[in-house]
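Engineer: Have a look at this prediction, sequence included:
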Amino acid sequence: MGPVLISCIPRLNDAQQKGLLALISEFEARGLTVHLWSDHKYHLLRKYDIEKLIFPVREKNRYTRYWYYLKTWLQLDKKKWFERIKRWNNNDDDSFGNSELQKYIKESARVLSIINPAWFLCWNPYCCRFGIAYDAANLLGFKTIGIDWGFLPDTFILDSKGILATSEIFSTNPLVKYREKSLQVFRQRGEIIFEQLSAKSLSLYKQPKAEIPADFQKKVKDAVKILVLGIGEIDAGAYPPEHPERKGLLPFHESAYRQAVDIAAASEKFRVIFKPHPSHN
């Protein structure tokens with residue numbers, strides 16, 4: 001079995017690096033080699049940086065690299081990626097979109113031809129740079145999976161479809177540990193969620209400090225308390241909105257927040273808390 005390639009978009013703080021290191025260690029315990037693909041340099045993950053492998057062999061595999069580029073360029077859904085590139089960069093220039101698209105396809109061809117991964121774990125396949133590599137890997141016959149932060153402490157979400165819509169919770173600490181002590185564990189470890197978030201995180205919903213509403217804490221007869229863990233199109237970057245991938249993410253709502261609002265409005269008995277994607281506090 002070949003190596004595992006993991007792309008990583010965010011700039012990780014120490015706690016997040018330790019979380020990803022725990023995931024990598026599980027692969028290594030199964031005898032797999034892991035490479036990390038990111039713009040950022042992480043001091044705890046330095047040994048996994050793909051540049052350590054790519055720089056010495058960057059002039060090799062020219063034919064394979066060119067074939068990967070050509071096949072991807074001819075078969076990729078370029079219209080989808082033009083829209084996302086321009087939206088993510090707030091630049092509506094078609095020439096800019098075309099230039100960025102070619103750059104990302106060339107990079108994906110270079111990395112995939114050198115690493116030749118058995119699995120490519122792509123961090124948020126909607127993101128332009130790694131999302132294009134994810135689509136390219138699928139076109140070229142590599143096995144792929146989507147990965148992102150989980151909503152529970154010490155967890156990631158993995159999705160074999162890559163859209164983070166049918167995700168499974170993957171825990172670097174088995175969930176049985178949570179069951180053993182039940183709510184006590186969540187009260188103790190819940191603070192880790194906030195510890196793992198960077199101070200620079202975007203508070204999309206203008207809520208600088210998360211507080212449980214008093215109405216939610218009241219013991220109301222027949223009240224049904226609901227926690228909505230939301231990944232919306234803004235979190236994922238799924239543009240254009242009419243694209244099939246976007247519909248697969250949230251088929252009935254414009255955003256995860258609107259989904260929570262509709263759930264709350266469905267019955268007077270419902271008390272709803274909306275927990276956005278970790279990047280948005």
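Structural biologist: Ah, there it is. Numbering: from 1, shown residues only.
Engineer: So in this protein, where's the weakest helix or strand by average pLDDT?
Structural biologist: The helix or strand of the chain with the poorest confidence is helix 176-181; it has a mean of 43 (mean pLDDT, DSSP states H and E).
Engineer: Could you identify the longest helix within the protein?
Structural biologist: helix 94-115 (DSSP state H).
Engineer: Give the next helix or strand downstream of that one.
Structural biologist: For helix 94-115, the succeeding helix or strand toward the C-terminus, using DSSP states H and E, is strand 119-123.
Engineer: And that next one, what does it pack against?
Structural biologist: Packing contacts for strand 119-123, counted by 3 or more C-beta pairs under 8 Å, 6 or more residues apart in numbering; DSSP states H and E, involve strand 4-7, helix 128-139, strand 143-149. C-beta here means a position set from N, CA and C on the backbone, and glycine is covered the same way.
Engineer: Which residues does it contact?
Structural biologist: Here strand 119-123 makes contact (C-beta atoms under 8 Å, 6 or more residues apart in numbering) with 4-10, 112, 130-131, 133-134, 137, 142-148, 158, 162.
Engineer: From those residues, list the buried ones, please.
Structural biologist: 4-10, 112, 130-131, 133-134, 137, 142, 144-148, 158, 162 (16 or more other C-beta atoms under 10 Å).
Engineer: Count the neighbours of the residue lying closest to Phe252 once chain neighbours are set aside for me.
Structural biologist: Of all residues not flanking Phe252 in the chain, Gln259 sits nearest, at 7.5 Å (C-beta to C-beta, 6 or more residues apart in numbering). Gln259 has 18 neighbours, counted by other C-beta atoms under 10 Å.
Engineer: Tell me if I am right that Gln259 is in a strand.
Structural biologist: No - under DSSP: H, G, I helix; E, B strand; the rest coil, Gln259 sits outside any strand and is assigned helix.
Engineer: what residues are up against it?
Structural biologist: Contacts for Gln259 were tallied using C-beta under 8 Å, 6+ apart; they are Val228, Gly230, Gly232, Leu250, Phe252, His253.
Engineer: before we move on, the earlier item: now do the longest helix of the chain against strand 119-123, angle only.
Structural biologist: On the basis of axes from the mean of the first three to the mean of the last three C-alpha atoms, to 10 degrees, helix 94-115 is oriented at 140 degrees to strand 119-123.
Engineer: Quick check: buried residues in helix 94-115?
Structural biologist: Neighbour counts over helix 94-115 (16+ other C-beta under 10 Å) mark 97, 100-101, 104-115 as buried.
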